[in-house]
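Chemist: Sequence and predicted model, in that order:
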Amino acid sequence: MARAAAEDVKVLGHLLSPFVIRVLIAFRLKRVEYELVDVRLAEPKSEILVKSNPVYKMIPVLLHRGKPICESAVIVQYIDEEWSDDGGSSSILPADPFDRAIARFWAVYIDDKLPYLIRALRWEKEAAKVTELVGQFRQVLGRLEQAFTECGKGKGFFGGDAVGYLDIALGSCLGWIMTLEKGKSVKLLDAEELPLLAGWAERFLAEESVKGLVPDADEHLKIYEVATARTSATPAA
Amino acid sequence: MAGTATEDVKVLGLALSPFVIRVRIALRLKRVEYEFVEVRFAEPKSEILVKSNPVYKKIPVLLHRGKPICESTVIVQYIDEEWTDGSGSSSILPADPFDRAIARFWAVYIDDKLLALIWALRPEKEAAKVTELTRQFRKVLGLLEEAFPECGKGKGFFGGDAIGYLDIALGSCLGWIRALEKDKSVKILDAEELPRLAEWAERFMAEESVKGLVPEADEYPKLYAAAVASQ
């Protein structure tokens, strides 16, 4: 299917957000050009953000022919359905309804657990609490390690031979996972404990559709340290 | 498509759960026969529940040919995709990708805001807090009132001529909304403030696919007490 003109497709957001990264990977998989528009998230928020996502005022927002779609899981499914080539070769969700249900379930699980753990670990300074959060994080990844074989059916990705919905849902979080490992000197995606996920992560980050969209730990860490320092320096309200 | 044999399709749940009601409405829309298996949700949970939903141990769970599917929105979409008749006539999600995205978005919103308000309001006894929660509730419903014409395109349901994904997501909560209005003596789905939703609610509750699945308001206290009772 011919690529949509870049003016047709805008994504509001930036590369620090796993939710935004998901949308961009999905577009790459469909070979659809887009314009990435950075927006101000702190008050006062960018007008375009408030106008196109009045309910949540959060990123990502997809603007397709001017019409906004919000919530990363909703956007990714929209991309899959709108730019469907019917032959299914670039399909993001699996073809079989049961496989789709399993992929959706684990994506719900990831969004239920990981964003909270990433946020909590990022700001936690107390050693005992960091250890506790790391334990929870590894438990969550442990479940996904167990699910990997069933989902991928022995192939290299959760989606089988190619990156799919669940790969995107989890893979988009790898930037933060690597950053936290480095920043907090902890092991989250431990190759000994989670060999399948460790192998999968390497393959995922090497994918053409992913390259350049997940900041590497050093870049990420730089941005993260600046943001953390800025926040700590803010005088108490 | 002919109804599949009852042994093929089981739903684990309890009658008062909006999440469970969603699944049952969806199966009714597709004319799929199923066995409704009431489970113990309070500890100790039913073994079949723990076995088929080890991650969350929550209801509903759909067991299709013995394979479990969890999370109500995931299940409803599975039902829509598994029992499709190709012509799209009994489709639960809209046909157009943009309309599907809008329906999914509002369902996410409902699960994010509305359910939390139900659980918060239920046990609340302090008058000021009840007033505040009711206000928040009406604000949330207010956004859905505004969204109604865009989604339904002027027809009687969010899904248009027939009930669809978003009707199910919201309508499954009507039992609890009415139960709370009665128990707390408050108005949540106020017909003056939310005229479109009030009329929509009447139409929804009158639908064949819905009848009997949403308990009456005064049944909720008993159903709830039974659901949380320790053995």
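Modeler: Arrived safely, thanks for sending. Numbers count the residues shown, from 1 in each chain, chains lettered A, B, ... in the order given.
Chemist: For the chain, just list every one of the helices.
Modeler: You didn't pick a chain, so chain A it is. Applying DSSP state H to chain A gives helices spanning A:18-29, A:47-52, A:72-82, A:97-123, A:127-152, A:165-171, A:174-184, A:195-206, A:217-233.
Chemist: hmm, I had chain B in mind actually
Modeler: B:18-29, B:47-52, B:72-82, B:97-109, B:115-121, B:127-152, B:165-171, B:174-184, B:195-206, B:220-228.
Chemist: which one of those helices is the most hemmed in?
Modeler: helix B:165-171 (a mean of 26; mean count of other C-beta atoms under 10 Å in any protein chain shown). Quick note: C-beta positions are derived from backbone N, CA and C, even for glycine.
Chemist: Ok, which of the helices of chain A comes nearest residue B:205?
Modeler: Set against residue B:205 and scored by C-beta to C-beta, those come closest in helix A:72-82, at 27.6 Å.
Chemist: So which other helices or strands are in contact with the closest one?
Modeler: Helix A:72-82 sits against helix A:18-29, strand A:61-64, helix A:97-123, helix A:165-171, helix B:97-109, with contacts defined as 3 or more C-beta pairs under 8 Å, 6 or more residues apart in numbering or on different chains; DSSP states H and E.
Chemist: what sits against residue 169?
Modeler: Let's take chain A. A:22, A:73, A:106, A:107, A:110, A:111 (C-beta atoms under 8 Å, 6 or more residues apart in numbering or on different chains).
Chemist: nope, chain B please
Modeler: Contacts of residue B:169 by C-beta under 8 Å, 6+ apart are B:22, B:73, B:106, B:107, B:110, B:111.
Chemist: In CSV: the helices of chain B, plus mean pLDDT.
Modeler: Below are those laid out as CSV (pLDDT from 0 to 100):
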stretch, mean pLDDT
helix B:18-29, 98
helix B:47-52, 97
helix B:72-82, 97
helix B:97-109, 98
helix B:115-121, 96
helix B:127-152, 98
helix B:165-171, 98
helix B:174-184, 98
helix B:195-206, 98
helix B:220-228, 95
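Chemist: how close does the spatially most central residue of chain B sit to residue A:120?
Modeler: Geometric centre of chain B, nearest residue: residue B:172, 2.8 Å, by C-alpha atoms, centre = their mean. From residue B:172 over to residue A:120 the distance is 32 Å, taken as C-beta to C-beta, to the nearest Å.
Chemist: Next, format the helices of chain A as TSV and append distance to residue B:227.
Modeler: Output for the helices of chain A, formatted as TSV (distance: least, C-beta to C-beta, whole Å):
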stretch	distance to residue B:227
helix A:18-29	34
helix A:47-52	41
helix A:72-82	29
helix A:97-123	22
helix A:127-152	27
helix A:165-171	32
helix A:174-184	38
helix A:195-206	37
helix A:217-233	43
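Chemist: Pick out the shakiest of the ones you listed, pLDDT-wise.
Modeler: For the helices of chain A, mean pLDDT drops lowest on helix A:217-233, to a mean of 72.
Chemist: Would you mind listing what in chain A touches chain B?
Modeler: Applying C-beta under 8 Å from any C-beta of the partner chain, one finds that chain A approaches chain B through A:55, A:64, A:67, A:69-71, A:73-75, A:77-78, A:81-82, A:97-98, A:100-102, A:104-105, A:108-109, A:143.
Chemist: What parts of chain B come near chain A?
Modeler: Counting by C-beta under 8 Å from any C-beta, chain B sits next to chain A at B:55, B:64, B:67, B:69-71, B:73-75, B:77-78, B:81-82, B:97-98, B:100-102, B:104-105, B:108-109, B:143.
Chemist: hang on, the earlier thing: want to try a markdown table for the helices and strands packed on helix A:72-82, with distance to residue B:50 as columns?
Modeler: Shown next, in a markdown table, are these (distance: least, C-beta to C-beta, whole Å):
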| stretch | distance to residue B:50 |
| --- | --- |
| helix A:18-29 | 31 |
| strand A:61-64 | 39 |
| helix A:97-123 | 16 |
| helix A:165-171 | 24 |
| helix B:97-109 | 27 |
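Chemist: and these, which is most packed in?
Modeler: Using mean count of other C-beta under 10 Å, helix A:165-171 ranks as the most buried of those, with a mean of 27.
Chemist: Any idea how far that helix is from the middle of the chain?
Modeler: 7 Å (C-alpha atoms, centre = their mean, to the nearest Å).
Chemist: What of stretch B:13-23?
Modeler: That offset, for stretch B:13-23, works out to 7 Å (C-alpha atoms, centre = their mean).
Chemist: next one: stretch A:131-144
Modeler: Using C-alpha atoms, centre = their mean, the offset of stretch A:131-144 from its chain centre is 18 Å.
Chemist: ditto for stretch A:90-100
Modeler: Worked out by C-alpha atoms, centre = their mean, stretch A:90-100 lies 19 Å from the chain centre.
Chemist: With that, I have no additional questions.
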